[in-house]
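> structure, please.
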Amino acid sequence: NRQILSPSPPLPPMNSDEVFGNHQDPLNPSGEVVSASTTTGKRPRKAEVASEENRGRKLEHSIDRKVEELRQMFDRHRGHRQLILLQDFPDPDALSSAWTYKLIAQQYDINCEIIYAGALSHQENIALVKLTGLPLQRWTLETAKTKDLSLYQGCVFIDNQGTTCHLTDLVVAAGIPIAAVIDHHSLQGEMNAEFVDLRSHIRATATIFAEYLQAGLLNLDGSISQHVKCATALMHGLRSDTNALRQAQEEDFLAAAYLSRFYDPQLLNAVLQSSRSKWVMDAIERSLKHRIVQNSFSIAGIGYLRYDDRDSIPQAADFLVTEENVHTAVVYGIVHDKDEEIEVVIGSLRTTKLTLDPDEFIKEAFGQDAQGRFFGGGRSQAGGFEIPVGFLSGENENNDYARLKWEVFDAQIKQKLMKLISPTDNPAYHH
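Numbers count the residues shown, from 1 in each chain. Below is the predicted model of the structure:
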């Protein structure tokens, strides 16, 4: 049996990790009630100050407790080998957090390998790995089956809970115990893990790891190149998951302040200035050509894409949502994985509408599969979905068949979206 249940939506990476969360007022990201005295510039009452100090003490105590639990877990695993499993399409938050875990684990003589099953196709992710030398390995399902998994005494899920990783079933079936799950997404289901740190109120897993560093699990040294590069990766992960800090919470800002002592701004700038590939530009062009705009929603089906170009879908959605009089963009296409000989419809949502919850919207639009697993989900201002093509997969050499298949999926996705976007235009509304 799987040790992590109720899978989360398989979300395409968008370099700000499509996570679960509530929308908040950008002027008051903590979501806390602001008293009139505070907003008018008057001195806060003693009760308010005491309440804030008490909240701070509770938060500090909670972090200290988690750090101590993590230390104890590392102590129990001294000399072991562990696998760090990332989501199939890891983003900067996952990549940087996994690297940090690996460096901390080294202090306890624990050797970790960071693995993923999908692809790195977003230009910033590729640049991050190349420019920092981030130690990452791609294990397809077939590759993983050739590995001697008995060599590993533990596995770790970082920035995911095992439900967006194709390697989870294989690793768990091999009897490798789950040593840790560290994530900033909401709980996806019951877990049998030795150490769990889930904080859905925080915007980035990089923030959690920055707090581990501050607590002394690893003393960063600005004279050590690897530490500087890791701090830079964490800063990028934090930045991407908070929309360049525009959606950051207090903890995220404090983490960024700490990392600012060690990161390399020129290296981060080099990562951010990586060029868009021809395939991404092609996806954006197709999304512009095929988009329909209804009630300030822009919807675009862009046809077939190579597996390696999956990341072009969220980037096209990022582009469409910038159009005047559009607050939400949904872009999708059929992605073909030659290695696994499967096809999936992959889609991405972006929104600037604070009252639209991407998680609720996508789950309501596309529902669940036969096992009760949602086809998608999201977080504040972003979401994604992944729907298996199943029996209709392949045979795309036949142009007529490929065209008909696309038309069917395109029409069905638009129909499901329109039920929410413009219900009065749906025939079912009138019955």
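
> what about T322, which SS state?
At T322 the chain is in coil, as set by DSSP: H, G, I helix; E, B strand; the rest coil.

> could you give the number of residues near it?
By the measure other C-beta atoms under 10 Å, the count of residues near T322 is 11. Every residue, glycine included, has its C-beta placed from N, CA and C.

> how about E360?
Using other C-beta under 10 Å, E360 has 13 other residues around it.

> give me the element it is part of.
For E360, the host element (DSSP states H and E) is helix 358-366.

> off-centre distance for that helix?
Here helix 358-366 is found 17 Å from its chain centre; the criterion is C-alpha atoms, centre = their mean, to the nearest Å.

> list the buried residues for that helix?
P358, D359, F361, I362, K363, A365, F366 (16 or more other C-beta atoms under 10 Å).

> what do you get for stretch 134-141?
In stretch 134-141, counting by 16+ other C-beta under 10 Å, buried: L134, L136, W139, T140.

> tell me the secondary structure at the residue nearest to the third one when sequence neighbours are not counted.
Leaving aside its sequence neighbours, W139 sits nearest to I115 (C-beta to C-beta, 6 or more residues apart in numbering; 4.6 Å). Taken by three-state DSSP, the conformation at I115 corresponds to strand.

> same thing with V344?
Following three-state DSSP, V344 is assigned to strand.

> and it, what does it touch?
By C-beta atoms under 8 Å, 6 or more residues apart in numbering, V344 lies in contact with I334, V335, D337, E386, I387, P388, V389.

> wait, is the fifth one part of a strand?
Yes - the assignment for I387 is a strand, going by three-state DSSP.

> compute the number of surrounding residues for it.
By the criterion of other C-beta under 10 Å, I387 has 20 neighbours.

> the helices in the stretch 151-300 of the chain, which residues?
Counting by DSSP state H, counting those that start in this stretch, the stretch 151-300 of the chain has helices at residues 168-173, 205-214, 225-241, 250-259, 265-272, 278-290.

> redo the ones you listed as a markdown table? Include distance to D309, mean neighbour count and mean pLDDT.
Output for the helices of the stretch 151-300 of the chain, formatted as a markdown table (distance: least, C-beta to C-beta, whole Å; neighbours: other C-beta atoms under 10 Å; pLDDT from 0 to 100):
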| stretch | distance to D309 | mean neighbour count | mean pLDDT |
| --- | --- | --- | --- |
| helix 168-173 | 25 | 18 | 93 |
| helix 205-214 | 26 | 26 | 97 |
| helix 225-241 | 20 | 24 | 95 |
| helix 250-259 | 31 | 19 | 95 |
| helix 265-272 | 20 | 15 | 92 |
| helix 278-290 | 4 | 17 | 90 |
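
> I'd like those helices as a markdown table, with distance to L149 appended.
Conversion of these to a markdown table gives the following (distance: least, C-beta to C-beta, whole Å):
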| stretch | distance to L149 |
| --- | --- |
| helix 168-173 | 7 |
| helix 205-214 | 25 |
| helix 225-241 | 27 |
| helix 250-259 | 34 |
| helix 265-272 | 33 |
| helix 278-290 | 34 |
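
> among these, which is nearest A119?
Closest of the helices of the stretch 151-300 of the chain to A119 is helix 278-290, at 12.0 Å (criterion: C-beta to C-beta).

> quick one: contacts of the closest one?
So helix 278-290 is contacted by 123, 300-303, 305-306, 308-309, 311-313, 315-317, 319-320, 331, 333 (C-beta under 8 Å, 6+ apart).

> check the residues you listed for burial and list the buried ones.
Buried by 16+ other C-beta under 10 Å: 123, 300-302, 305, 308-309, 311-313, 315-317, 319-320, 331, 333, out of those.

> next step: those residues restricted to strands.
Judged by DSSP state E, strands contain the following of those: A300, G301, I302, L305, V331, G333.

> and those residues, which is closest to I202?
Distances from I202 to these, taken by C-beta to C-beta, are shortest for V331, at 27.8 Å.

> quick revisit: buried among the contacts of V344? Make that a ChimeraX selection.
Remark: buried members of the contacts of V344, expressed as a ChimeraX selection using 16+ other C-beta under 10 Å:
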select :334,335,337,386,387,389
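
> as JSON lines, the contacts of V344 with distance to Q153 and pLDDT would be great.
Shown next, in JSON lines, are the contacts of V344 (distance: C-beta to C-beta, whole Å; pLDDT from 0 to 100):
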{"residue": "I334", "distance to Q153": "40", "pLDDT": "94"}
{"residue": "V335", "distance to Q153": "35", "pLDDT": "91"}
{"residue": "D337", "distance to Q153": "31", "pLDDT": "77"}
{"residue": "E386", "distance to Q153": "32", "pLDDT": "89"}
{"residue": "I387", "distance to Q153": "37", "pLDDT": "90"}
{"residue": "P388", "distance to Q153": "34", "pLDDT": "89"}
{"residue": "V389", "distance to Q153": "38", "pLDDT": "90"}
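
> just the contacts of V344 now: which is nearest C165?
C165 has its nearest neighbour among these in E386, at 12.9 Å by C-beta to C-beta.

> where does the closest one sit relative to G377, distance-wise?
To G377, E386 is 10 Å away according to C-beta to C-beta, to the nearest Å.

> what's the answer for N295, then?
Distance, N295 to G377, by C-beta to C-beta: 22 Å.

> surely G237 meets P90?
No - taking C-beta atoms under 8 Å as the definition, G237 is not a contact partner of P90, at 10.1 Å.

> that older thread, between N295 and G377, who's got more neighbours?
G377 (26 against 11).

> could you look up the SS state of the more buried one?
strand.

> Y332 contacts G303, correct?
No - assessed by C-beta under 8 Å, Y332 is found out of contact with G303, at 9.7 Å.

> next, I84: secondary structure please.
Secondary structure, three-state DSSP: I84 is strand.

> check R78 too.
Relying on three-state DSSP, one would call R78 coil.

> wait, it sits on Q107?
No - R78 is beyond contact range of Q107, at 10.0 Å (criterion: C-beta under 8 Å).

> so where is the protein shaky, pLDDT-wise?
Scanning the chain for pLDDT under 70 picks out 1-59, 339-340, 424-431.
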